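Student: Need coordinates for the below:
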Amino acid sequence: MIDIKKDFSLKGSNSLAFDHRVEYYCEAKTIEDCQEFIGFCLKRNIPIFPLGEGTNIVLTKKIKGAVLKVSVLGKKKKEEDVIIGGGENWNDIVLWSLKKKLYGLENLALIPGTAGAAPVQNIGAYGEEISSRLISVEVINLNNNELIYLNSNECKFGYRDSIFKREEEYLITSIKLKLNKSSKTNTSYHSLHDYLLRDDIDPSQATPHQVCRAVTSIRKKILPDPNIEPNVGSFYKNLFLNKSELQNLKNYVSDLPYFKTENDNLFKVPLAFLIEKAGLKGKRIGKCHVSDKHALVLVADEGSSSKELIKLSDFITRHILKTMKIDIEIEPKII
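Tutor: From the prediction side, this is the model:
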């Protein structure tokens, strides 16, 4: 029997700690619970918003509809394949996989959120993305309550993007990943490579455990802890520019750093550099500010409001467009 709460506060359900409410709320610990609550909502034409740990959403008002918090747990492995419940904490899964001597997730250590939320924005860090490991996802179609499976191609992954972000009609209950028994690691990402060298570790010989520890250490150093400084991680996406766009931006930023990608005509530009170059690191509007640790992170201090956060984000977007003639895109979902 599911427990449906009415007029429920979501303050403890989002990493920004904004105290907005929702008309109906249910935490589901099994697939059957999920389908029971979805059925309840479908009969009453109540829109449903899936929720994990709320680490990539910005609540701006009371939600007219229902929030379904997915707390479906479970970890299974067969050879190099693993099936993970959508409610499992992502970093716990990274550490669990290392204990099981299954590798490939170590570059994604300490990314906040749940396993079910990971494919939604195609989480990635230090040269890896979950899309390269994902075999399939188990989902419930929110339009008809059917349990189906989507393979990696059907997820339509892009940079911090997927079908789940664009169409919003699926609830992810579990994910299936292909990991490796081989301990070969990816240390090509510049900051990870340099960190290992400074720690007297040969990047070409780094073990998965060493990479995991390095990534964890880097993230703790450069990113504010959301439990202390409420945030959603990177508020903006990095830029991917073609040669013409890159040259145009260099006209405004002569010392622009950029990195080659697998596409010879596409270059990655760290947006944090541009925000800092624009003098916006530490910029404050009301009780919200750009983190002093990392310019992609916007922090909502105690007593702040979603209006202040959105105002700060809009200011940054307009300022970058005005001074550098480039559009930037936010990463979290605004609700």
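
Student: Run through the residues that contact the spatially closest residue to Glu245 that is not a sequence neighbour.
Tutor: Distances taken as Cβ to Cβ, 6 or more residues apart in numbering place Ile326 nearest to Glu245, at 7.7 Å, with adjacent residues excluded. C-betas here are computed from N, CA, C, even on glycine. Counting by Cβ atoms under 8 Å, 6 or more residues apart in numbering, Ile326 touches 239, 245, 249, 274, 320.

Student: One more: Lys184?
Tutor: Neighbouring residues of Lys184 by Cβ under 8 Å, 6+ apart: Tyr103.

Student: So which bits of the one helix or strand Lys220 maps to are buried?
Tutor: Using DSSP states H and E, Lys220 sits within helix 208-222. Of the residues in helix 208-222, 208, 210-216, 218-219 count as buried by neighbour count, 16 or more other Cβ atoms under 10 Å.

Student: So which residues make contact with the lowest-mean-pLDDT helix or strand in the chain?
Tutor: In the chain, the helix or strand scored least confidently by mean pLDDT, DSSP states H and E is strand 259-260, which has a mean of 89. With contact meaning Cβ under 8 Å, 6+ apart, strand 259-260 is reached by 190, 267-269.

Student: of those, buried ones?
Tutor: The buried subset of these (16+ other Cβ under 10 Å) comprises 267-269.

Student: how's the protein carved up into domains?
Tutor: With domains defined by automatic domain parsing, the chain comprises 5-70, 73-222, 239-334.

Student: Adding distance to Val232, write those out as TSV.
Tutor: Shown next, in TSV, are the domains of the chain (distance: least, Cβ to Cβ, whole Å):
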stretch	distance to Val232
domain 5-70	5
domain 73-222	8
domain 239-334	5
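
Student: what's the closest of those to Glu229?
Tutor: domain 239-334 (4.6 Å; Cβ to Cβ).

Student: tell me how far the ends of that closest one are from each other?
Tutor: End-to-end distance for domain 239-334: 20 Å, by Cα to Cα, to the nearest Å.

Student: likewise stretch 76-87?
Tutor: Using Cα to Cα, the end-to-end distance of stretch 76-87 comes out at 14 Å.

Student: cool, stretch 116-134 as well?
Tutor: Length of stretch 116-134, first residue to last, Cα to Cα: 12 Å.

Student: In it, which residues are buried?
Tutor: Those would be 116-131, 133-134, for stretch 116-134 by 16+ other Cβ under 10 Å.
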